[in-house]
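In: Coordinates for the following, if possible.
(one chain, ligands or ions: 1)
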Amino acid sequence: MQSRKACHPVVSSRNLFGLSDDGDKEGRKKRMRGMIEYTTILHANYNDDDAEIGANYSGDDEIVCAFSDDEVANEEASDCGTDSDDEELYENPNITGNDSDSGSDEDEEIVEDDESINSIDEDRVDCDDNEEVPIDDLLENFKEYEANSAYFETFEKKHRVAVELCRLLRKTKASLGTYDLMMQWHFWATGKLRAGQPVSTHPDYVSRGKLFKMLRRRYNYDQEKWTIVKEITLPFSRARARIVLNDAQAAMQSLLTDPRIRDEDYLFFDNDPFCPPPDDLDYIGDLNTGRSYKETYKALIKNPSKEVLLPIVLYADGAVTGQFSALSVTAVQFTLGIFTRVARDKEHMWRTLGYIPSYSKVVSRGKGFFKQTGHADAPMAYQNTYLENEGDVLEDVTQVPAQDLHAMLDVILKGFIELQNGGFYWDLQYNGILYKNVKFVPFVIFFKADTEEAEKLCGSYNTHTDKVSQLCRYCECPTRESDNHLADFRLKTKGRIQRLVDRGDEAKLKELSQQYIENALYKVRMGQHSDQHIHGSCPMEMLHAILLGIFGYVRDMFFEQCGPNSQLAEEMNSLATEAGMRLARQSERDMPKTKFAGGITRGKLQAKEHTGILLCILAVLCSTSGGKLLRDRKKNNFAEVGLLEDWIRLVETLLEWEEWLKLPIMERNHVQYRLKYKHQYLMYLIRIVGKRKAGMGLKLVKFHSILHMRHDILNFGVPMEYDTGSNESGHKKTKRAAKLTQKREETFDEQVDIRLQEEHLLEMAKEEMNGRELWNYRFGHEFPEEAIPVVEQPCLGGAKYQAYKDVNGNNRIRLLSRPNKKERPGKIESQLVEFLIGLNEKVSEYMGSVTLRTLHKRGGLKFRASPCFMKEIWRDWVMVNWGEHGEEACKIYGFVDLTQIPQNCSINYGGIPELGPGIYAIVENSYKYVGEDNDENHHLFIPIQKEVHEMRDNMVSKMQFYLADVEAFTSPLVVIPDMGGNANDYFLLRSRQEWSDRFIKYLEAPIREFPMEVID
Ligand SMILES: [Zn+2]
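Out: Numbers count the residues shown, from 1 in each chain. Predicted coordinates for the structure are as follows:
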C-alpha cells in the first residue's frame, strides 16, 4: 500500500504536513499571522514506552507480508515521487468524469463567495484550485489492502490467545508489563516451559510488539499514518508545541470501513445514499433535516446520481484524565453525518484527527529565548528541535494569545481540509449493495463544543464582564442589550471578520469582541446555508449548558426573592428538600434526581441536577404550606398579588421547555414560525418574575442565547444532535487509554494515541474472530440475528408477610422471609392487617393462608409496597383502570397471589363483588380534587384526594382498602403528599410526555394570550 502512495501523490506527505508549494509560502505566512512551522515530521517511536520488550519491534520478526519489499521501495522513492506522479492521477481510470467535477468545484467556490456577502475578493483564504481534485487514494489504498489480504498469515491460535489476553488486560486496566508475566505464567502452568526458561524462547509465544505489528498490517494501520508528531513554535508564546496527528485520509478510511457499523447506523433518506433531502419535510430531527444540510446539498451537489453529501461533525473537548488531572488530553475528533445520532453516540463511530497540547505540555518559553540569545551552546542544545528557516519568521510574532490555539488547529486540520476541499471517491457498502465510485462531497456541518471551546473556535472573547462590548458569539448585540428579549442584531459573519483582520482593524474587532487572529477554521468548508461560517456553526449545548444555566439562575432568583439567609428561605429549602425525598421514591423511575440531602440552595451542582431542583421548588410553590408561607410573610416580594402564580407558571414552563427540547423529532412549523415569540415571552417571564439583580442582572450570554436557539435547531436538527452530554462516551475511551500510559508529560498525547490505536486493533481482531474481516468491507458483513429479548412474566417478589389471629383472638402479622438489610420488620397499619385477615377468611376454603408480598414486576416496571424498605416506608402509586369508573391513581399497600381460587367462587371482598383468580394489589383509591378551580389543565402537579372511610380532627381515622387486579395497572405514577394540606390531599405529577405536550400547546396558543409589556 505504501508503494501505492508513491503513485498517487495528490495528498503526499508533503502536502499533509504543511509544506505546500513554495509559491504560496508568503501568502500562507500572511494568512497564519505569526505562525512558524517547522518540518520535523517525527514518527512516534512505537517502541517508546515499550522499551522493555522493544527488541521485538526493530528486528527479525518473521511476519511474512506482501508489503515488506514495497516498504523499502517506498522509502527510496519518497523523496522524488511527487512531481511526476501528478500526471498519473489524471490518467487513472478510476476517476470518472474528472474534468467536469473539477469544473463544478470551481463553481462551488464562486457560490461560496457570493454567500459571504460584502467580501467578494478580500477574504479568499481557501486552497488553490489544483487541490480541488477529488482524492481517490483512500479507495485505491483500500483496494490494494483488500488484494493483499490474500497474503496475510493465518490468524493462528497463538494470535487469538494473545489478542484475548490483551483485551482482558485492558478491561482490568492492568499495566502493560503484565502481558509478559501472564504469558510466562500461562506457559509455565500448561507445562510448556521449564523453570527458569524465558518465555520469549517458546515458539508459541507472541510478544505484544509482534502482535501489534502484525495487527497493524492486518488492519491497514500503516504506522506512518498514525501518531505523527509535528513540532511547531507557537506564534504568541514562542513555545514549542508537539502536536500529535493522525492522517486524515487514513482516519476517514478506518471510519468508513469499521466492521462494527451496521446498515441501521446509516442515515439516508429512503434508504438511498443518493436521495436528495426532500423539499417538503414537515419535521426536524436528525442533522440531515436541517437547513444547513439542505442548502449545502443544493449548493454543492451537481451530479446527484454520483455525488453524496458528506456532513462531518467535529468535536473538541478536553478529557481530564482522572487522578492525573495535571495531564489532560484534548482530542479533535470527527464523525460523519451519514450516520444516525444513535450511531454517532457510540465510541467506535469517532476518529481522532489530532491532539491540542495542553499548556503544561508546551515546552517552556524560556528555552525559546535561550535560543534567541545566540549563545554558543544554544544551537547544539536545540539542534533536534530547531530547524532551518526559523530566522526569517521571527517578525511574525503576534500579540494575541488566542493565535496559539489556532496555529495548533491549523496543523491538526491541514490534512482534513485537503480531503474536504477535493472530496473523495469511495465504494460505499450499504444494505447489501456496493455503490461504486461514489463521490463524497464533505463539509463540516457543525463543531460540537461547549461554550468555552466554541468561543475559542470562533475567536471571540472568553470574558463575559460588562467591560466587553459584545457577549454573544453569534451576533453583534451590545452587552447592555443582552438582557433584552426583543434584541435583534446583525449576525457575525466570516466575511466581515476576515476583512477586519486583513485590514488590521483592531479597534473594530474589539468592538465585535473578536480576537485579532487568523482563524484556522476559516479554511474549513462549512454549511452553505449562511455566511456565518464557524460563527454560526458551533451550536449551543441547549440541554447541557444554556438551559441548565438558566435553571440555576432561576433557583437563585427564587431564593433571592425569599430574602437571602432569611427564615423564609430556610423554610423553603427544607420543604423543597422534603418534597425531593418524596419525589425520589416513586413507581415512575424515569425522573430527574430530586434527592438533595444537603438542601437545594447551596452547593455546586451538576448541570443535570438542576431539573430536579426546579421540580422540588415547584412542588413547594404548589403545596399548601409553601404557598401560605410565601404569601403570609410580611416584608417579602411574594405578598405581591399574582407573583406566586407567576412563579409557578415560570417554573412549569421551564420544565416543559426542557422536555420539549429533548424530543427527537419536532414539528418544523413550531420552530420556524412559533418559537420566536414564545422564546421572547419566556425570556420576558424570566425578567419580570425573576428580577435578577445580582451581578450583571440578566445581561448574560446564556440568557441572550435563547434568542439564537431556534436558528440552531432549524439549521442543524434537534438539540440532542449537538448536546455534548451525549458525547461523554467518546471520552471514556480517551480516559481509559490515558490510564494505560506512563504519564510522561512530554509525550502524553502520543502515548494516549498509541493506546487508542491498540485498542482499535484489538477490536478489529475481535471482529475478525467473529467473521467480519476488515478487508471484506466491500463485500459486506454478516451480523448474527439479535436474540429476541425475553419478555419478563409478571411476578411477585420482595418480603413475605403473613397476617393471622393469635390464640387470644388478637390480630398479628409476621415477616415470613428473612429480615435483611433491605427489608426489616417495623410497624404496619392495623387496618391493613385486619383487611388481610378478612381476606384470609374469605379464601381459606380454596387455599392456604394469603401472604402479603412487597414487590410486583411487570413489563420492565417495578412496583414497590413495603412498610420498611431500606429503613423507610416505600409505597408506590399506580394508575388503575377501574373499568366504567375510569382511571384513578391508587396507593399500593402490598400484593396478594389469589391465582388458586376458582372462577365463580362468589367471594365479595375489597370492593370486588365476584373475586376471580389472579394477582391483586391492596390499594387505596383517589379522586381528582374538585376545588373552586376546576381547570385540570392548569398545572403540572394535579391535586388529588385519597378516598378514606373516615376522617376525624383532620386526620384519617379509617382507611378504605380495595383489591385491584394487577392486570388493570396502566402506568407508573409520581404522587407526593400536599404538605400542609388535608391529611388525604396529594399531588399527582403529570408524565414527562405531558410536559412536552404542554409546551407544544403553549407554542400553538395565539400570541395575544401572552402580551408583553414594555420593561423599563
Ligand atoms: Zn446574539
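In: any idea how far the residue lying closest to Y179 once chain neighbours are set aside is from the ion?
Out: Excluding its sequence neighbours, the residue lying closest to Y179 (C-beta to C-beta, 6 or more residues apart in numbering) is R208, at 5.1 Å. For the C-beta atoms, the positions are set from N, CA and C on the backbone; glycine is no exception. From R208 across to the ion, the span is 53 Å (C-beta to the ion, to the nearest Å).
In: Next: F334.
Out: Per C-beta to the ion, F334 is found 27 Å from the ion.
In: partners of the host helix or strand of that residue in the sheet?
Out: For F334, the host element (DSSP states H and E) is strand 328-336. Under the criterion DSSP bridges, strand 328-336 sits next to strand 307-320 (antiparallel), strand 351-356 (antiparallel) in its sheet.
In: quick one, which of those strands is packed in tightest?
Out: Comparing the strands paired with strand 328-336 by mean neighbour count (mean count of other C-beta atoms under 10 Å), strand 351-356 ranks first with a mean of 25.
In: Please save the CA atoms from that strand in CSV.
Out: Extracted in CSV, the C-alpha atoms of strand 351-356 (Å, rounded to 0.1, in the frame of the first residue of the first chain):
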residue,chain,number,x,y,z
ARG,A,351,-11.8,9.0,14.8
THR,A,352,-9.2,11.4,16.1
LEU,A,353,-7.5,14.0,13.8
GLY,A,354,-5.1,15.2,16.4
TYR,A,355,-4.5,16.5,19.9
ILE,A,356,-4.2,20.1,21.1
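In: Going forward, the N-terminal residue is numbered 7.
Out: All right, first residue 7 from here; so that's strand 357-362.
In: if we look at that strand, which residues are touching it?
Out: For strand 357-362, contacts defined as C-beta atoms under 8 Å, 6 or more residues apart in numbering pick out 249-252, 254, 257-258, 260-261, 322, 335-341, 411, 414-415, 417-419, 421-422, 755, 758-759, 762.
In: ok, 7 Å please
Out: 249-252, 254, 257, 260-261, 322, 335-340, 411, 414, 418-419, 422, 755, 759, 762 (C-beta atoms under 7 Å, 6 or more residues apart in numbering).
In: picking up where we left off before, need the residues that contact the strand holding F340.
Out: Here strand 334-342 has contacts from 261, 316-322, 324-327, 350, 355-362, 364, 418, 736, 740, 744, 755, 758, using C-beta under 7 Å, 6+ apart.
In: Out of the strands paired with strand 334-342, point me to the one whose mean pLDDT is lowest.
Out: Per-stretch mean pLDDT for those is lowest at strand 313-326 (a mean of 85).
In: ok, residues contacting that one?
Out: Contact with strand 313-326 is made by 279-280, 293-294, 299, 302-303, 306-307, 334-336, 338-344, 350, 362, 444-456, 459, 730, 733, 737, 740-741, as judged by C-beta under 7 Å, 6+ apart.
In: and what of stretch 200-210?
Out: For stretch 200-210, contacts defined as C-beta under 7 Å, 6+ apart pick out 164, 186, 189-190, 193, 198-199, 211, 213.
In: do the same with stretch 410-423
Out: Stretch 410-423 is contacted from outside by 17, 22, 24, 38, 41, 133, 236, 238, 240-243, 247, 249, 251, 253-255, 338, 359-360, 362-363, 462, 523-527, 529-530, using C-beta under 7 Å, 6+ apart.
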